[in-house]
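[1] With the sequence up front, the predicted model follows.
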Amino acid sequence: MIMETSAFIELTSRFTMAVLIVSIVLAFGRMVLGPNSADRVVALDLISVLIVAFLAVFSVHEGNTSFLDVAIAYALVAYLGTVALARYLFRSKRNDGRKQSPENP
Amino acid sequence: MMNEVFAAILMVIGSLFCLVSAVGMLRLPDTLMRMHAATKAGTLGTGLIVVAAAIFTNELGTTLKAIAVIVFLLLTAPVAAHLIGRAAYHRGIHLFDKTWIDELGGTMETTGGDPDNRQSDPKKPR
Amino acid sequence: MSSGLAAPIIIPFTTAAIMLLGRRQPNFQHVSSMLAAVLHLATGAWLLYTVHHSGIQVLHVASWSAPFGIALVADHLSSLMVVITGIVYTAVSVYSRADITADHQQRGYYPLLHILVGGISGAFLTGDLFNMYVWFEVMLMASFALLVQGKTRAQLDGGVKYVVINLISTLLFLTGLGLVYGMTGTLNMAHLHIKLRMIGDPGLVAAVAVLFLTAFGIKSGLFPLFFWLPASYHTPPVATSAIFAGLLTKVGVYALIRTFTLIFPFEDNGLRELVLVAAAATMIIGVLGAATRYQVRRILSFHIISQVGYMILGLGLFTPLALAGAVFYMLHHIIVKSNLFLISGLIQRHGGSFELSRVGGLYRSHGWIALLFFIPAFSLAGFPPLSGFWAKMILIRASLEVGQFVLAAVAAVVGLLTVYSMVKIWSEAFWKPHPEGVNERAGGVPPMNAWMLVPIVAMAAMTVLIGLLPGPLYHLARAAADELLEPGAYVYTVIGNMR
Amino acid sequence: MQSYILKTATRLLVGLILVFSVYLLFRGHNAPGGGFSAALVAATAFALFAIAEGPGPVRQALRIEPRVLIAWGLLLAICSGLIAVVTGRPYLTGLWWTPPGLDGALAVGTPLFFDIGVFLVVLGTILTLLLNLEER
Amino acid sequence: MQQSNDSAHAAGYSIIGLVSTALPLLLFAGLCFMWPQVVRGGVYAVQWPWMPSLDIVLHFRLDGLSFLFGLIVTGIGFLVTLFAASYMAGHPHTGRFFVYLNTFMLAMLGIVMADNLLLLFVFWEITTIFSYLLIGFDHESAATRDNAKQALLVTGAGGLSLLIGILLIKTAGGSLTLSEWIASDHQIRQHPLYLAIFTTILLGAMTKSAQVPFHFWLPNAMSAPTPISAFLHAATMVKAGIYLLMRMHPLLGGTPEWMGSLVVIGGVTAIWGAVQALSPSDLKRMLAYTTVMGLGMLTMFLGGNNTASLTAATTFLLVHALYKAALFLAVGSIDHQTGTRRLERLGGLWRAMPLTALTVATATMSMAGFPLFFGFIGKEIMYQGALTEEMFPQFATTITLLSNSLMTAVAGIILLGPFTGKRPDHLENVVDAPLPMRFGPGIMGGLCLLFGLVPWWVSAYLIQPAVHAFSVVEKEVQLAIFHGFNTPLLLSVITLTLGGLIYFSRKTLRPAVTAALDAIPLTGQRGYDITLKGLLATAHAVVDGLQNGSLHRYLRITIGVFAITTAAVWWFNADGWTLRLRSADLPLSHWLLVAVMAVAVLVVVRAQSRILAVCALGMVGGGAALVFLVYGAPDLALTQLLVETLTLIIVSIVLLRLPSLAGPPPGPVSVSRWVDSLVAVGTGIVVTTLCIAITNGTIDRQLTAFFEYNSYIAAHGRNIVNVILVDFRSLDTLGEITVVATAGLAGYALIAKRRQ
Amino acid sequence: METVLAILTGTMVAGSVFLMLSKNLVRFIFGLVLASNAVNLLIFAAGRLETSRPPLIPQDATHAAVAVANSLPQALILTAIVIGFALLAFIFILFSRTYQTLGTVDTEAMTDAEPFAGEDSAKGRRP
Amino acid sequence: MNLFFINTFIALGYIGVQGQFSLSGFLVGFALGYLALWLTQPLYGRSRYFQRAPKTVRLVGYFLVELLLSNLRVLWDVITPGHISRPGIVGVPLCAESEMEILLVANLISLTPGTLSVDLSEDRRTLFVHVMFLDDPEQFRRQIRDGLEKRILEVMR
Ligand code: NA
Ligand code: NA
């Protein structure tokens, strides 16, 4: 479904997108800084949520609800990435000093 | 027009909450506290934006989709936070200095440092 | 019915899918494998017959005319390659019965073999560049899987090298595709023939052509991009290495020939010279590599490289005779090299090892194996009246005709060094007495296995037959070469008067 | 990683994700989606299931060996193209059937079956890999 | 040497061998049947097409020269086969032996009857192969295998040279039909390629006919069973080179290059072989060197462009074939009966082996050139030929004189050494060879005498028809027992005298010769050894450096070659560099997005933590999805995001099974890493500039327009991308899902547990 | 945007090549992921970026009325993404299997397929 | 929950009659439907739908307010220099028993001010919560039990 977007919505949605991208940048900053694997996973999780938001805003910006499907789909699955990484964190702790050599000897 | 204005306001507010969560991610002192920011502000911000999208289109299908997204976020974000927090805690993270009580520490044994981080200081929470 | 053009792709894929459903019955798998292979060969032969008598055949898949849809195109070269694929496919299918363990079969050897063949056939038949990429990937994935079946240390190490370098090729191919599309807006190879002519920037076109040269150069084992081949071809089961040795690099050679006759026909931009230099270096380095190796399959692997050099020499010379030589060389080489790898399995089975230092005495104890090795080995070395002689002779002659005396000399010297390697194997594995205390078998020497012998004998017979009656094959190769150098008919058949 | 909370959430989510995946599959022809996306979404559902409950229960729930899914998917995709051949058209030609009286609102065609084939292959493959990886 | 010591076979014979004699005998008879026609100058010719498009015709022609060679091949072939039937009795692979021998003989007949040069070459190479198989017949010994290999490589190299020569003739516009040459006007000699053609063909002939410096394979080839030495390496195969030169004479002969090089090469070879023949104590080896000498002589006479020289060559060919085959077989008999061929272990055998002694006597007399023997006739005509050489006649004459004298001495050694003097104790019980072994040498020894008595007959019925076949004869040269008192006769007398002197001073000469030969720094044999060693060393140097098992190196070369080649080809073909950078009015969000992706790339590159790298990759992937999204590709964005997520799941499982990224602590960056960086940055720049250059132009969107127009109307879908995937380009998708399915199978094959 | 994307692509390619050259299979995987993404973006840019309107035909129309994004490159990239994913999945498994069997991910320590050439040839030589 | 579906069905029917598929239409239809159901309650026998519905609404409202407040508090801590928080991890004994109840409690705790569910004990009786602004653990436990958990259990049971 496509509808006309007014200049007003165009402006606000552009602003919103910019804010979201800035947020992504900030979250990415935390990802880089760490200092902890968990911090990084949390940052990635937040980024994925922000991407969902971006998808929603973009669908408003374009006046095209097809993009919302993308948002839903990603919202549904993005969580799983976080779950998997969390499980990785959980497991990699257990493996410490056994089979794998730890990263900081 | 009312819809548009309302949607725009929600969108902007939502994005600001997203920004807050991101800033919080950057600024808050320890992993668990950053997760507060991510879980709450991120979910709220995104939720508001999705609602804005639903209002803007004012269409049942979209509305249902929006509701689905929000329900999903509300359901999953805390679970994800729980999983990361738990894993992080059990790997041994450096908790904020002002953390003054830790009742979980007594019930679980924690081991080792963070095998994925040469920088991290494997100081045990205690 | 033009859909028959898709048959060489569909038959193996369907067989693979059915096998996945009935994978618990080994006999079922082997029998249906042979059936599919024979069917494939038959459709290939039919295709070649049709092309030869009625001209280039096109299938507009899904009814969308080219360049909008994907066209499968069979000209002489394509159909010849499909036929030869069918031959190797049949031979390896039969041989597999003796060579493939239950565990390999459990892990999907047969379906993977069929998928590999389907991908190879697709690569030969497609008239669309992106579609060719897809078939390359099919082939690549299946070959990855086949290569590491068994999971020995050597296989995994070789497999990693094979995978990694072939991935580079894939990436380059894809990049080239994107760039070509960005220049012309089309992907159909016949259409590209026209559209690229209209690009006003020869430097850019040449640079993009280099991407394809490198990508396919890696696939075909061209100097200095061949490293993956000697690192891996000696590691998998014999049946697998035979089909690899015969067909995989030749798909790369085919792609190079197709690319540089149809899409980027050689112009005055130095690419042809580059190809010629690479061809000469490939011939030399391959044969030198073989001289340094003392394990049957490692020697043979390096020879693949060397002989790819000959084929590319034919391409680089870019005359009808030279291209006919390249095509002839490919067809001959596929049969001979696959057969040699199959025979290496006989050497291993009856001599106990692939290592030359650990085998011997087969001339005395297994005269038939000696004969069966001798035919392809001396054909490979280019002795008349075996098939390799004609291949080599045509290429040397083509070099001389255009005044490339150095290349002719290189081709001749490399031929001599090929003799050196073949004699090394012959001397060590067959003539030398079996080394004492090595591989003494408790149960005595295993009996000959008919599943192994039949395909080897058949392919050796083909080698002799081509040697004695090279005319028909040369005739076909020449027809292929003429089509390649005059792509007008191809282009018109595929896209009509489309601009 | 045993998490009671995750298990509970998973029970709520898996069905929802699967329904959405089917939705994506069938509207892919007219909107973003299609067999591949749908299969990925479906695969995440099972992956979540596997992470929460382990691979055993997933296999039980599937009832069918994932590799068989691959085979059927491949066959379906191949055969959807063969139908055209039987009617004398080039391989893979899309044949459409528009139920009368619906004014063209609904059209069923071989490309849809093709897409279902894609769905099955991709789903089967990811499940094969994931379950075997989990079981190791 | 696989020697049959089994007494059951000592007087026996092999049935297969006796049956095998039928073929040469029949062929010989057939040839004799055609004799009258040939003598009258007629020819037999048959022709079938083989590969006419490549000028290869199955074209056989029997003229005088072919006939002479044919008689030698089949006649000696028959006698040798008969000999071998006994000689090889008891050998485990007698069957193979006779198959090889007969096939060789047929190939040899092919050479001499082919009227198409490429056809001749085919047979030429077949003889090479069978020579290899026969030299290596007793393959258990490493030396034998090496000798066989050496013969194959040397003659094989010559063969390739010959092939190039033949193809050059074609390139130069010449005909490949031998019989056309005599009549044609020989443009080839003026062609710029003449020298190349001549050189390559000469190389082919030289290797096959064991000319210095390629002669060394022939003495080594003596590790073949003796019948083979007699047949291939004395009478027939080594003569193939001579035959080739004869056939080439009308086309290429007569030029200063031809005459000069043949005389010199032949002369050097002759004297070299003759001198070498003095020193070995192995009778076979000694004979091999005399063969080298003979071949040199033949080449030398072919350097002439007059009937006398060519007649000398043709006559000596027959002379040599007869006495040499007889001697080889006789030596084979000695070896067979006594178990040794070494001079110092032989002596006084004439009583024990009278018939063999008689055979050797006639053959050596012929070899030494005593009057009344065929060798004498040969020697006379040789001197005549040498004196009439157009180039270097004095040289030729001197060589002929010296060589013949040496031959006389060697003949003395061969005859007197084994048969006279005191018989050593270990030879007490020796008896003469079985009948089939005595028959062949006996016949040939007899012919050595017989032909010497009827030279006019030989001249008319064998030599002259042959000479006519390959040269234009103005004045016939007749063979006769006595030509009158002339220079050749004088030289003959000197020869015998000098030969006698050499024979009697052999004890002092031999060490001197050996020492002198050892002093020569580079001989063919040493050259061969050095070449092979050098080849192997080069191969190792080149290949071990490239294919060294290091994936890092493989990758670096592969990628580096791509980057450098692309850049170079672009650079040299470009006309001007105008890359327009198009980034106008890009919104801030897009800039930020791209920037964060770029930073993420850097983070991945620098990451020391797996999780960080994975997360940053997630960022890159997510960023790519957003790029897809904002430029109108929701399907792509969706797929990209889904794939990212699934990848994360797989990563989370697999990464646990891979080790951490920990390396050595970051120290100073190595040079190697700088090279890597250079390759990386270079590749990046190449890709970027290519992409910019291409997007600078316009794109033809006719395909997309077609899809947009037909997607709904004709394909019933509103999502154009999906319609492309499942309809317009469904074949791609079929391939794609096959890849996916294969990945599933492949992964399964790697990870699934083994099931019982 | 094409130019910006071209530069981004180049950066990604450079990064991926550097990672691929790192003698560590784990880093190679990261490089591979980067490279696949880079190539996809490159194809996307090569198809030109002109509009944000997706190639979808509206409900009430029979074909796209306004200019929409170029659909063909999207389909190509989609195929490439899927294939890339399949490859990646396999490679993950292959490399983990390799590590399990060979005990290393250091490519320089992996010499099982090609034992040191000198050693190999020495074995084959006659004493 | 039957009545909920009937209610939804009515709402859908309402927008179908209206001919406009919109969010507002659905909400109005749902409200009208609820009213209609409430009026015709005896037809459906005894159902907790009518007790639960307002409680659910109350819970949602409570939750939304809390969510907003929590965000403001995080916002405050984020934008002010220095950190005023006094964090801690507290074990909260749970009355919730069923899996749905536990999930809701844990999730809502995570989504409300300054609290984050970190872990659940093995016996599922104690929820460990990270609290950003913790003054007194006992008081906090009480607060959860009497506030959030109670409201949830009211809806669920
Ligand atoms: Na090959
Ligand atoms: Na290959």
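    Great, that's in hand. Ligands and ions are numbered 1, 2, ... in the order given.
[2] any idea how chain G splits into domains?
    Domain assignment for chain G by automatic domain parsing gives G:3-43, G:52-156.
[3] Go through those domains and pick out the most buried.
    Each of the domains of chain G was scored by mean neighbour count; the highest is domain G:52-156, a mean of 18, by mean count of other C-beta atoms under 10 Å in any protein chain shown. All C-beta atoms are positioned from the backbone trio N, CA, C, and that covers glycine.
[4] got the end-to-end distance for that one?
    Distance between the two ends of domain G:52-156: 8 Å, counting by C-alpha to C-alpha, to the nearest Å.
[5] what is the rounded mean pLDDT of that domain?
    For domain G:52-156, the mean pLDDT works out to 82.
[6] in chain D, which segments are predicted with low confidence?
    Chain D contains residues with pLDDT under 70 at D:1, D:102-105.
[7] Please state the offset of the biggest helix by length in it from the chain centre?
    Longest helix in chain D by number of residues (criterion: DSSP state H): helix D:110-135. Computed by C-alpha atoms, centre = their mean, to the nearest Å, the chain-centroid distance of helix D:110-135 equals 6 Å.
[8] quick one: it near chain E?
    Yes: counting by C-beta under 8 Å from any C-beta of the partner chain, contacts between helix D:110-135 and chain E involve D:111-112, D:114-115, D:117-118, D:121-122, D:124-126, D:128-130, D:132-135.
[9] just the buried members of the residues you listed?
    D:111-112, D:114-115, D:117-118, D:121-122, D:124-126, D:128-130, D:132-134 (16 or more other C-beta atoms under 10 Å in any protein chain shown).
[10] isn't C:Ala231 right up against E:Gly549?
    Yes: between C:Ala231 and E:Gly549 there is a contact under C-beta atoms under 8 Å: 7.2 Å.
[11] Give me the more crowded residue out of these two.
    Neighbours were counted for C:Ala231 and for E:Gly549 using other C-beta atoms under 10 Å in any protein chain shown; C:Ala231 has more, 27 against 23.
[12] So which of the buried ones among the residues of helix D:110-135 next to chain E reach chain B?
    The subset of those within reach of chain B, by C-beta under 8 Å from any C-beta, is empty.
[13] Out of these, which are close to ligand 2?
    Checked against ligand 2 using C-beta under 5 Å from the ion, those give no members in range.
[14] Run through the helices of chain G in chain order.
    G:2-18, G:23-39, G:49-79, G:99-111, G:137-143, G:150-156.
[15] for the second one, packing partners?
    Put plainly, it is helix G:23-39. With contacts taken as 3 or more C-beta pairs under 8 Å, 6 or more residues apart in numbering or on different chains; DSSP states H and E, helix G:23-39 sits against helix B:60-91, helix G:2-18, helix G:49-79.
[16] same thing but 10 Å
    helix B:43-57, helix B:60-91, helix G:2-18, helix G:49-79 (3 or more C-beta pairs under 10 Å, 6 or more residues apart in numbering or on different chains; DSSP states H and E).
[17] so how far is A:Val57 from A:Leu46?
    Relative to A:Val57, A:Leu46 is positioned 16 Å away (C-beta to C-beta, to the nearest Å).
[18] So, low pLDDT: which residues of the stretch 501-650 of chain E?
    E:582-584.
[19] ok, how many other residues are close to the closest residue to ligand 2 within it?
    Closest approach between the stretch 501-650 of chain E and ligand 2, counting by C-beta to the ion: E:Gln547, at 15.8 Å. Residues lying near E:Gln547 (other C-beta under 10 Å) number 25.
[20] what's the answer for E:Gly632, then?
    25.
[21] How about A:Asp69?
    When neighbours are counted by other C-beta under 10 Å, A:Asp69 registers 24.
[22] Distance check, the residue nearest to it when sequence neighbours are not counted against A:Ala71.
    Closest residue in space to A:Asp69, ignoring its immediate chain neighbours: D:Pro32 at 5.6 Å, by C-beta to C-beta, 6 or more residues apart in numbering or on different chains. Separation of D:Pro32 from A:Ala71 (C-beta to C-beta) stands at 11 Å.
[23] Which residues are in contact with B:Leu73?
    Applying C-beta atoms under 10 Å, 6 or more residues apart in numbering or on different chains, we find B:Leu73 in contact with A:49, A:52-53, A:75, A:78-79, B:39, B:42-44, B:46-47, B:50, G:111.
[24] Tell me the one of the residues you listed nearest E:Met222?
    Of all the contacts of B:Leu73, E:Met222 sits closest to A:Ala78, with 82.9 Å by C-beta to C-beta.
[25] any idea whether that closest one is helix, strand or coil?
    helix (DSSP: H, G, I helix; E, B strand; the rest coil).
[26] what's the closest non-adjacent residue to it?
    Nearest non-adjacent residue to A:Ala78, counting by C-beta to C-beta, 6+ apart: A:Ser48, 3.9 Å away.
[27] Please, which helix or strand holds that neighbour?
    According to DSSP states H and E, A:Ser48 maps onto helix A:37-62.
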